[in-house]
Every structure is written in structure tokens, then in C-alpha cells.
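Undergrad: Sequence unavailable; structure follows:
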């Protein structure tokens, strides 16, 4: 009850023509503290969002770099032709910067054949996977990078036996 009387005295003094300017000062301080509290409460979520965005950006850059390195490594490696005893070509993977990253490489011997496209009236190239153990000198290389078991990027390229 005493508190209510004290608060009512403060507000009475804050009214124009009131008796005490101390009540007005107290209200100004309370409002300033509330505004400052709202401002401070909005800073941590923004910082968290910025940190999360920077982490995802760095994660994407590492994944793109690993993909480029892996494709260049496979292109510079000798052609691994598939045959009956070795039906699926295998290429080594590049070292990863952290054990939480994983690079998956799948090489598939393919045959490329032109096909007439009725809609546009032009030829398109169809890539058909060959049966295991058959290799006609061209392979589709699919490189997929994972980080903490989440796929970040998957890229496809071709390797030709020259």
C-alpha cells in the first residue's frame, strides 16, 4: 500500500503544475533505462546472425576450394580405365583441412551420343552410363563435399583418356 502511495505521489508531481520536478526526473530515467534495455536486447541476435553468416560463407569457400582441387587432381591423374576385373574407376581424394569435411568422388564411364531435340530443333548430347566393366575413354566425375555429414556442394565434370 505504501508503494502505491509513493508511485501516485511521483506521478502527481510529474504532471504539469505538479509540486515536484523530482518525479519527472525519475520518469525520464526509467524511460531512458527501458529504451537502453531494448537497444541492448537487439544487439546479441544481430551479432549471432553475423557470426552464423560468416561461418556459412567460410564453409562454402572451403567446399568450393576442395571441389576445384579434387577436379584438378583427377584431371592430372592417369586415366583409370574400367575393365572386367576393375569395373568402377577409383581416384584418390585430396587431403581435407579438417576431419569434419569429407570429399566423395564417383567416376562413371559414359557414352555420349547426339540426339535430335524436337522442341528446339537442334541436337543435344545425351550422357549414358555404361555397364560395369566397359569403358570407352570418357568418364563423368562427380565430386561431392560434405561438412559434418551435410552436403555443401556437388559438381560434375568429365575426364577423357587422351
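TA: On my side now, so go ahead. All of these numbers come straight from a predicted model, not from anything done at the bench. Residues are numbered from 1 along each chain as shown.
Undergrad: what residue is smack in the middle of this protein?
TA: What sits nearest the mean C-alpha location of the chain, by Cα atoms, centre = their mean, is residue 56, with 4.8 Å.
Undergrad: three-state assignment of that one?
TA: At residue 56, secondary structure determined by DSSP: H, G, I helix; E, B strand; the rest coil is helix.
Undergrad: Give the next helix or strand downstream of the lengthiest strand in the chain.
TA: Ranked by residue count under DSSP state E, the longest strand found in the chain is strand 101-117. The helix or strand immediately downstream of strand 101-117 is strand 122-129, counting by DSSP states H and E.
Undergrad: Quick one: work out the angle between that next one and strand 101-117.
TA: For strand 122-129 against strand 101-117, the angle by axes from the mean of the first three to the mean of the last three Cα atoms, to 10 degrees is 140 degrees.
Undergrad: Tell me the strands beside strand 122-129, with direction?
TA: As defined by DSSP bridges, the strand partners of strand 122-129 come to strand 101-117 (antiparallel).
Undergrad: buried stuff in the strand it pairs with?
TA: Going by neighbour count (16 or more other Cβ atoms under 10 Å), the buried part of strand 101-117 is 101-103, 105-110. Quick note: C-beta positions are derived from backbone N, CA and C, even for glycine.
Undergrad: For those residues, give me a markdown table that also has distance to residue 151 and pLDDT.
TA: Putting these into a markdown table (distance: Cβ to Cβ, whole Å; pLDDT from 0 to 100) gives the following:
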| residue | distance to residue 151 | pLDDT |
| --- | --- | --- |
| 101 | 12 | 95 |
| 102 | 10 | 95 |
| 103 | 12 | 96 |
| 105 | 14 | 96 |
| 106 | 13 | 94 |
| 107 | 19 | 93 |
| 108 | 18 | 92 |
| 109 | 24 | 94 |
| 110 | 23 | 93 |
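Undergrad: Which one of those residues is nearest to residue 70?
TA: Nearest to residue 70 out of the buried residues of strand 101-117 is residue 103 (Cβ to Cβ; 5.6 Å).
Undergrad: OK, contacts around the closest one?
TA: 66, 70, 93-94, 96, 143-146 (Cβ atoms under 8 Å, 6 or more residues apart in numbering).
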